[in-house]
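Trainee: with the input below, show me the fold.
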Amino acid sequence: MKNIIKLFGIIALLAVIICAMSACSAKNQKHDPETDFEAEVFNDGKSVRISGYLGNKWEIGIPPQINNLPVTIIGGEEVRTYSGNFRNKNIISIIFPDSVTSILEHRHGDTFEGNPLTSITIGSNVVISNRAFNNGFSEYYNNNGRIAGTYTRDDDYNWTRK
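Mentor: Reported below is the predicted structural model:
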């Protein structure tokens, strides 16, 4: 009887640990679902370009992959639609995964125009066109060594890296 009670105790403890681990991983998820983004496969089917955000969150995380292909470009001249772009979405914070190598301007102007961005997390050596962001971030990042990190903006549009 004591062995059965110990067995149930161990099973209960394992269940609690598994539940806690799954809650922690969900809580620490740093990207939004693939379905929140408008994307297209390019580079002979080797990577994905995200052309827009379809969601309505203020804080977003770009997924590192869509359909098991790495997301390497955000925006760009090849964007074919205007409805799902990143403009005027009230985005205040965005996290770009390390897979992103380029953030390009939208063919209709600044990719992130009209968003009150105050926090951007980005990898190192990402190529950012000067018109990708209309809030001074492109110039700050490009002129300060393109270093990975989280950058924050104050009310005077001054960017700093944490």
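Trainee: where exactly do the helices run in this protein?
Mentor: 2-27, 137-143 (DSSP state H).
Trainee: give me the average confidence score over the last one.
Mentor: Spelled out, that is helix 137-143. Average pLDDT, helix 137-143: 92.
Trainee: next, count neighbours for residue 43.
Mentor: Applying other C-beta atoms under 10 Å, we find 12 other residues in the vicinity of residue 43. Every residue, glycine included, has its C-beta placed from N, CA and C.
Trainee: what is the neighbour count of residue 155?
Mentor: A count of nearby residues for residue 155, using other C-beta under 10 Å, gives 6.
Trainee: from residue 118, how far out is it?
Mentor: 9 Å (C-beta to C-beta, to the nearest Å).
Trainee: pLDDT value on the residue nearest to residue 64 when sequence neighbours are not counted, please?
Mentor: Nearest non-adjacent residue to residue 64, counting by C-beta to C-beta, 6 or more residues apart in numbering: residue 97, 3.7 Å away. Residue 97 carries a pLDDT score of 95 in this model.
Trainee: okay, and the beta partners of residue 161?
Mentor: residue 151 (DSSP bridges).
Trainee: contacting residues around it?
Mentor: Counting by C-beta atoms under 8 Å, 6 or more residues apart in numbering, residue 161 makes contact with 144, 147, 149-151.
Trainee: let's go with 10 Å and repeat that
Mentor: Residues near residue 161 by C-beta atoms under 10 Å, 6 or more residues apart in numbering: 120, 122, 140-141, 144-145, 147-152.
Trainee: ok, and for stretch 87-106, which residues are buried?
Mentor: Buried positions in stretch 87-106, judged by neighbour count with 16 or more other C-beta atoms under 10 Å: 87, 89, 91, 93-97, 99-101, 103-106.
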